[in-house]
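> next input, structure requested:
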Amino acid sequence: MNKIINITKASSLFKVSLFCISFLFFQFDSYSQDGKTIFKANCAACHSTGANKVVGPGLEGVSDKYSKEWLMSWTKNSTEFIASGDADAIAAFEVGGKIPMQSFGLTLSDEEISSVFDYLKDPKAYGAASGTEEVAAAPVEVAEVNEKGKKLFKANCAACHNVGTKKVVGPGLQDVGGKYEREWLGKWIKNSGELIASGDADANAIFNEFNKSIMPPQAVNDADIDAILEYIANPGTKKKKETSNEGSLVVEEESSVMLYLLVAVLLILLVLVIFLNQRGVIMNKLVAQTTGEEFDGPTSLFGSFRELLSNNKGAVAAVVIVLFFGSLVNLMDGAFTIGVHQDYKPEQPIKFSHKVHAGDNKIDCNYCHSSARHSKTSGIPSLNVCMNCHKFVDGGDDKFMYNGEEYPMSEEIKKIYEHLDYDPATGKYGDNPTPVKWIKVHNLPDHVFYSHAQHVTAGKQKCQTCHGPVEEMDVVKQYSPLTMKWCIECHQETSVATEGNGYYDDMHDRMTPEFKEKVLGDGTLTVDEIGGWECAKCHY
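Modelled structure (predicted):
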């Protein structure tokens with residue numbers, strides 16, 4: 001009889017589990033078929049649902065232009081489709097600037113790809129049917145920038161001029177092509193001094209307005225000047241158009257389907273366990289009544305659980321031991337991380353991007369952190385160092401990325417002016433400067449001695465050895481763990497920079513033949529071989 005009861009229990013559990021799995025499968029399948037969600041996750045970074053180009057073309061009416069089979073082949077593997085010689089695929093490849101589209105054949109099913117194109121047929125109606133909110137955004141027309149002119153301007157003009165209206169050293173150049181004739185501008189750019197000497201009224205007016213400072217002659221030809229003027233006329237600022245439905249951006253609330261699904265499954269499982277326990281109690285009572293025995297087993301879920309533990313003391317003890325020692329190991333591992341702040345990445349009060357300065361503009365680290373070559377610390381540069389450049393470079397209309405978001409450069413440079421109480425219009429400093437409260441990123445314990453000069457000057461180590469690829473970071477983070485283990489491993493692996501250092505020549509001369517063979521036998525001299533592992537080197 002008990003065997004029959006157990007089989008009945010197992011059968012019921014199987015049926016309910018099957019129902020739960022079927023429910024989960026249905027939910028996942030329904031979720032995967034949401035073309036709007038799939039488009040947003042996989043396509044929206046490069047395409048709009050309207051006619052506007054983003055990276056790739058706008059997809060409005062794409063289902064009318066191409067067959068369903070063609071679209072499926074292109075989406076699954078555009079590179080393979082182009083290589084097959086398909087004329088439409090090759091044409092689309094060339095129109096898109098010969099940039100191959102990512103292949104989705106391995107990440108999306110045919111049904112999911114099909115659902116995307118169903119969504120694209122009528123995105124507005126699709127959004128209304130699914131109950132999501134669709135907000136039309138004003139698209140922008142981005143004028144094409146003359147890249148040659150942009151490079152020439154930055155190389156020859158940006159130190160003294162702004163493409164806007166702001167004065168740097170010379171005047172802002174916005175609409176300069178409308179104020180002066182092209183022929184006059186060519187003469188001024190090639191040799192302003194000669195044009196002033198000729199008595200030209202406009203040239204002399206500019207000369208007198210800017211304190212009789214002559215603009216240096218520029219070694220550019222007529223084609224270069226045309227490119228520069230075209231860039232000044234059109235530096236790539238965004239021009240707003242009338243709001244329309246084309247290229248509308250889909251805004252929808254974060255889906256909570258999975259959360260609701262998880263809660264539902266847990267509730268179903270809880271109900272299932274309670275149901276099976278009560279059914280087992282009823283069946284056991286019936287068996288006891290049939291055999292004339294008195295039922296003395298547990299009648300509640302808690303009682304059944306307690307009996308289960310009581311009947312399996314060995315297994316319970318094993319689980320407790322494993323959990324205890326597992327927790328102990330986890331505690332010990334956690335102790336090793338105390339004081340270790342690897343990947344610490346605070347945002348600074350002035351959003352200073354090392355990527356822009358050290359990466360894009362190739363500014364040497366030592367220009368700002370000059371004390372790193374002769375001091376323990378690398379030093380925080382004063383704002384006066386910033387003003388060596390930013391007295392003339394105010395950021396203009398340029399933008400930069402910082403911690404995943406885009407910011408205008410001019411706003412951050414204004415913070416420097418505010419802290420220095422500097423007026424860029426008059427070029428004068430006030431009497432109320434305030435310090436910038438920079439947030440410290442790298443922080444060694446007080447009992448550790450570390451000298452930048454030893455590592456940078458004597459050891460000839462690059463900043464990236466400890467700080468990582470700073471030239472690629474917009475927000476600087478602690479790249480290395482800076483633990484004792486990390487330091488001694490570096491000392492064991494790093495060769496001493498002996499070339500050109502007379503100290504090491506003298507050291508080698510004073511070495512005994514036996515010791516010289518020991519430390520130089522392999523052709524390299526590492527830091528630990530000259531005392532880099534001695535405790536007093538770093539702790540004294």
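> hey, let's count contacts and neighbours off CA atoms from now on
OK.
> top helix in this structure by residue count?
For the chain, the helix that runs over the most residues, judged by DSSP state H, is helix 257-291.
> helix 257-291 and the helix or strand following it, what's the angle between them?
On the C-terminal side of helix 257-291, the nearest following helix or strand under DSSP states H and E is helix 301-311. Interaxial angle, helix 301-311 versus helix 257-291 (axes from the mean of the first three to the mean of the last three CA atoms, to 10 degrees): 80 degrees.
> and helix 301-311, how far out from the chain middle?
Centre-to-centre, helix 301-311 and its host chain are 52 Å apart (CA atoms, centre = their mean, to the nearest Å).
> could you do stretch 256-272 as well?
Remark: stretch 256-272 is offset 35 Å from the chain centroid, using CA atoms, centre = their mean.
> what does stretch 67-80 give?
Chain-centre distance of stretch 67-80: 31 Å, with CA atoms, centre = their mean.
> again with stretch 324-339
Centre-to-centre, stretch 324-339 and its host chain are 31 Å apart (CA atoms, centre = their mean).
> dump that stretch to PDB, restricted to CA.
Output of stretch 324-339 as PDB, limited to C-alpha atoms (Å, rounded to 0.1, in the frame of the first residue of the first chain):
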ATOM      1  CA  PHE A 324      30.600  25.300   8.000                       C
ATOM      2  CA  PHE A 325      33.900  24.800   6.300                       C
ATOM      3  CA  GLY A 326      32.700  26.400   3.000                       C
ATOM      4  CA  SER A 327      31.700  29.500   5.000                       C
ATOM      5  CA  LEU A 328      35.100  29.500   6.800                       C
ATOM      6  CA  VAL A 329      37.000  29.400   3.400                       C
ATOM      7  CA  ASN A 330      34.700  32.100   2.100                       C
ATOM      8  CA  LEU A 331      35.500  34.200   5.200                       C
ATOM      9  CA  MET A 332      39.200  33.700   4.800                       C
ATOM     10  CA  ASP A 333      39.000  34.700   1.100                       C
ATOM     11  CA  GLY A 334      37.100  37.800   2.000                       C
ATOM     12  CA  ALA A 335      39.700  38.800   4.600                       C
ATOM     13  CA  PHE A 336      42.300  38.900   1.700                       C
ATOM     14  CA  THR A 337      40.200  41.500   0.000                       C
ATOM     15  CA  ILE A 338      40.100  44.000   2.900                       C
ATOM     16  CA  GLY A 339      41.800  47.200   1.800                       C
END
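> list the buried ones in that stretch?
For stretch 324-339, a neighbour-count test (16 or more other CA atoms under 10 Å) marks nothing as buried.
> circling back: and the longest helix of the chain, what's its mean pLDDT?
Mean pLDDT, computed over helix 257-291, is 87.
> for stretch 318-337, same thing?
If you average the pLDDT over stretch 318-337, you get 91.
> can you list the domains in the protein?
For the chain, the domain assignment from automatic domain parsing gives the residue ranges 33-142+244-250, 147-236, 274-335, 354-482, 502-538.
> list the contacts of the nearest residue to Ile232 once chain neighbours are set aside.
Distances taken as CA to CA, 6 or more residues apart in numbering place Val163 nearest to Ile232, at 5.5 Å, with adjacent residues excluded. Neighbour list for Val163: Gly172, Leu173, Gln174, Ile232, Pro235, Gly396 [criterion: CA atoms under 8 Å, 6 or more residues apart in numbering].
> from Asn221, how far off is Val163?
With the distance defined as CA to CA, to the nearest Å, Val163 ends up 20 Å from Asn221.
> I'd like the distance between the residue nearest to Ile232 and Ser375.
Look at Val163 and Ser375: by CA to CA, they are 41 Å apart.
> same deal with Gly396?
Gly396 is 36 Å from Ser375, by CA to CA.
> give me the neighbour count for Tyr367.
Using other CA atoms under 10 Å, Tyr367 has 11 other residues around it.
> show me where this protein has strands.
Secondary structure of the chain (DSSP state E): strands located at 134-135, 140-142, 238-240, 249-250, 399-402, 405-408, 422-423, 428-429.
> I'd like the average pLDDT over the fourth one.
If you average the pLDDT over strand 249-250, you get 40.
> what do you get for stretch 89-109?
The pLDDT scores in stretch 89-109 average 72.
> what do you get for stretch 521-534?
85.
> PyMOL command for the buried members of the contacts of Val163?
One line in PyMOL is enough to select the buried members of the contacts of Val163, burial here meaning 16+ other CA under 10 Å:
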select buried, resi 172+173+174+232+235+396
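> circling back: out of the domains of the chain, nearest to Glu489?
Closest approach to Glu489 among those (CA to CA): domain 502-538, 9.2 Å.
> mind listing what's buried along that closest one?
Val519, Leu525, Thr526, Val527, Asp528, Glu529, Gly532, Trp533.
> in TSV, list these along with distance to Tyr402.
TSV is the format used below for the buried residues of domain 502-538 (distance: CA to CA, whole Å):
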residue	distance to Tyr402
Val519	47
Leu525	42
Thr526	39
Val527	38
Asp528	40
Glu529	43
Gly532	38
Trp533	39
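> now do the helices in the stretch 301-450 of the chain.
For the stretch 301-450 of the chain, helices defined by DSSP state H, counting those that start in this stretch occupy the ranges 301-311, 313-335, 354, 365-368, 383-390, 409-420.
> looking at these, which is buried most?
Highest mean neighbour count of the helices of the stretch 301-450 of the chain: helix 354, a mean of 22 (counted as mean count of other CA atoms under 10 Å).
> correct me, but Asn156 touches Pro217?
No - taking contacts as CA atoms under 8 Å, Asn156 lies outside contact range of Pro217: 10.2 Å.
> re the thing from before, with the contacts of Val163 in mind, which one is nearest to Gln278?
Gln278 lies nearest to Gly396 out of the contacts of Val163, by CA to CA, at 75.0 Å.
> and His213, how far is that from Glu347?
One correction, residue 213 is Ser, not His. Distance from Ser213 to Glu347, by CA to CA: 41 Å.
> cool, Ile338 as well?
Taking CA to CA as the measure, Ile338 falls 22 Å from Glu347.
> list the contacts of the closest residue to Asp110 other than its chain neighbours.
Excluding the flanking residues, the one nearest Asp110 by CA to CA, 6+ apart is Met72, at 7.5 Å. Applying CA under 8 Å, 6+ apart to Met72 gives the contacts Asp110, Ile113, Ser114.
> please apply the same query to Lys150.
Counting by CA under 8 Å, 6+ apart, Lys150 makes contact with Ala227, Ile228, Tyr231, Pro235.
> can you tell me how far the last one sits from Lys151?
Put plainly, it is Pro235. 11 Å.
> most centrally placed residue in the chain?
Nearest residue to the geometric centre of the chain (CA atoms, centre = their mean): Gly404, 5.4 Å.
> what score does that residue have for pLDDT?
89.
> tell me how far it lies from Gly170.
Distance, Gly404 to Gly170, using CA to CA: 34 Å.
> wait, isn't Gln278 in contact with Thr299?
Yes - using CA under 8 Å as the test, Gln278 is close enough to Thr299 to be in contact (7.5 Å).
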